[in-house]
Structure formats: C-alpha cells, structure tokens
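*Asks:* The sequence and its predicted three-dimensional model are supplied below.
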Amino acid sequence: MMYSFMGGGLFCAIVGNILLVVSTATDYWMQYRLSGSFAHQGLWRYCMSGKCYMQTDSIAYWNATRAFMILSTMTCFAGIIAGILSFAHFSAFERFNRSFAAGIMFFVSTLFVLLAMAIYTGVTVNFLGKRFGDWRFSWSYILGWVALLMNFFAGIFYMCAYRMHESRRVAGPR
C-alpha cells in the first residue's frame, strides 16, 4: 500500500513538473484585444498581430512570478529525485526518510506556485485588467493552477506513504 501512495505521488509530481515547465515557458497567460486585434502575453514574451516580442521591461511582478515559477519547477524536480530514491532501501540513510523529504519538497513547490499565481493574478486583475477592457486569463495560466494541484496531491501521497512507513516501523515486524 505504501508503494501505491508513492507511485501515485510520483505520477502527480511528474505531471505537475511538466505542467510547470509548459506554463512557465509559453506565451498564453493572458489574452486581450488591443487596437482591434488580438494579443497575448506570457512571462517572457508578448505577441501582437502574429509577431512576438521579448518582455524587456524589468517589472517587479513579472520578475517575482518568473522567479517563483522557476523555484517551484526546481523544487518539484528535486522532490521527484527524492521520490524515486525513496523506493530504494539504503541502510546508510535509515534516519533520513526520503518519502518525507519528497513530500516536503512537493509542498514547498506548491507554495512557490501559489505565490507566483497569486502575484500574477493580483496585478493582472487590479492593473492590467483595467487597462485592457476585453481580456481573459488563458491556458498557460490555467496550467499553472493545475500544476499547483498536482504538486499538492503529490505531497499528500508522499506524506501518506511516510505515515504508513512510520506506523509499520513503530509497530515492529509481524
């Protein structure tokens, strides 16, 4: 049963990490109409009339969102490594439980995504949303929220696996 939780957590984490990378790298966080034509923007570029341009402005909320998304991706990747290693049993690491470490890393990754999404949402709704009358969040943004859920559930699964391992260890051999 413990391995089922770890397998489910690993699946959620891998999917979540892929979604984080796609969400961070793509240009569809927000779509809007500008001068009669459609435009869209991501964390790195904005596109208007079929041409894309780099975001050269160093605006604090973009930098913060970018940083938290990158930190989340890196933390999730480290959690995946710890999660894979938790399937192995090394006696040298008996005092260090890798499933617990993986769960914590997935929760930290979730926190970083939450911060990134909250910053972007707050600024977009309160500033950009008022500047562009006809706008909406787009699929890259939505993938960020889905990645948050996947990382959260990965953390839950790994914490359940840790609790099962600890309850077996305390109960002793049967």
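*Replies:* The structure has been received and is ready for your questions. Numbering: from 1, shown residues only.
*Asks:* which residues in the chain form helices?
*Replies:* For the chain, the helices defined by DSSP state H occupy 2-25, 60-85, 98-123, 129-131, 139-171.
*Asks:* quick check: angle from the second one to helix 98-123?
*Replies:* The reference is to helix 60-85. 160 degrees (axes from the mean of the first three to the mean of the last three Cα atoms, to 10 degrees).
*Asks:* What residues of stretch 142-162 count as buried?
*Replies:* 143-148, 150-162 (16 or more other Cβ atoms under 10 Å). Backbone N, C-alpha and C define where each C-beta goes, glycine included.
*Asks:* Looking at stretch 77-87 now, give me its mean pLDDT.
*Replies:* Average pLDDT, stretch 77-87: 91.
*Asks:* swap that for stretch 158-165, sorry
*Replies:* On average, stretch 158-165 scores 85.
*Asks:* Count the neighbours of the residue lying closest to T73 once chain neighbours are set aside for me.
*Replies:* Excluding the flanking residues, the one nearest T73 by Cβ to Cβ, 6 or more residues apart in numbering is L20, at 4.5 Å. Look at L20: counted by other Cβ atoms under 10 Å, it has 29 neighbours.
*Asks:* before we move on, what about the one 10 residues further on?
*Replies:* Around M30 there are 21 other residues, counting by other Cβ under 10 Å.
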